[in-house]
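> Dropping a prediction and its sequence here:
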Amino acid sequence: MAKVTIGTVFAIGIIGAAMITLAGLTAYRTIPNTGNVKTSGVNVYWNLACTNETTNINWGALSPNTAKSYTLYIKNNGTVPITLSMTTDTWNPSNAANYITLNWNCTGHVLNQNSVTAAYLTLTISPNTTGITNFSFDITITGSE
């Protein structure tokens with residue numbers, strides 16, 4: 001009867017664990033991000049009471065083919081109604097805008113003076129995202145007369 005050494009048992013165990021791991025391998029990429037929020041003609045807050053101003057959104061670690069949403073509150077502190085719009089710029093890396101989109105529900109919304117509305121922002125990462133491990137961009141929310 002042949003003796004089996006502890007080293008042989010250990011090696012077989014490592015090979016078996018590696019085969020199980022490879023059989024269940026899932027490929028994904030985590031994409032950390034922080035986005036800055038700029039405003040023009042409005043103020044943006046985290047809460048409906050408009051006491052916690054939003055200056056930065058940390059989207060956290062996201063994988064391709066995922067989306068994450070935040071609710072922000074936009075207040076018109078002016079004296080006339082305004083129409084809301086949103087743009088993004090200063091993408092880093094510059095090709096990130098080809099794979100990542102930011103949408104919201106307030107384009108064209110008219111916000112009366114001293115009024116607040118909820119804005120639902122959704123960041124979507126394309127399933128075809130490649131070569132991007134970190135990204136950042138600026139969000140500009142504008143209220144125009």
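All right, it came through fine.
> Please make it C-alpha for all contacts and neighbour counts, starting now.
Noted.
> Backbone dihedrals for the most centrally placed residue in the chain, both of them.
By Cα atoms, centre = their mean, the chain has its centre lying nearest to Trp59, at 3.6 Å. Dihedral pair for Trp59: phi -70, psi -10, per degrees, to the nearest 10.
> distance of it from His109?
Relative to His109, Trp59 is positioned 24 Å away (Cα to Cα, to the nearest Å).
> Specify the local secondary structure of Ala97.
Three-state call for Ala97 (DSSP: H, G, I helix; E, B strand; the rest coil): helix.
> Do I have it right that it meets Thr87?
No: Ala97 is beyond contact range of Thr87, at 11.8 Å (criterion: Cα atoms under 8 Å).
> does Thr101 sit in a helix, a strand or a coil?
Here Thr101 is recorded as strand under three-state DSSP.
> how close does it sit to Leu121?
Counting by Cα to Cα, the gap from Thr101 to Leu121 is 10 Å.
> what do those two both touch?
Shared contacts of Thr101 and Leu121 (Cα atoms under 8 Å, 6 or more residues apart in numbering): none.
> Just the pLDDT at the residue nearest to the centre of the chain, thanks.
Here the pLDDT value assigned to Trp59 is 90.
> What are the boundaries of the helices in the protein?
Taking DSSP state H, the helices of the chain run over residues 6-23.
> burial measure for Val80, as a count.
12 (other Cα atoms under 10 Å).
> Correction: the previous question concerned Asn98.
Look at Asn98: counted by other Cα under 10 Å, it has 12 neighbours.
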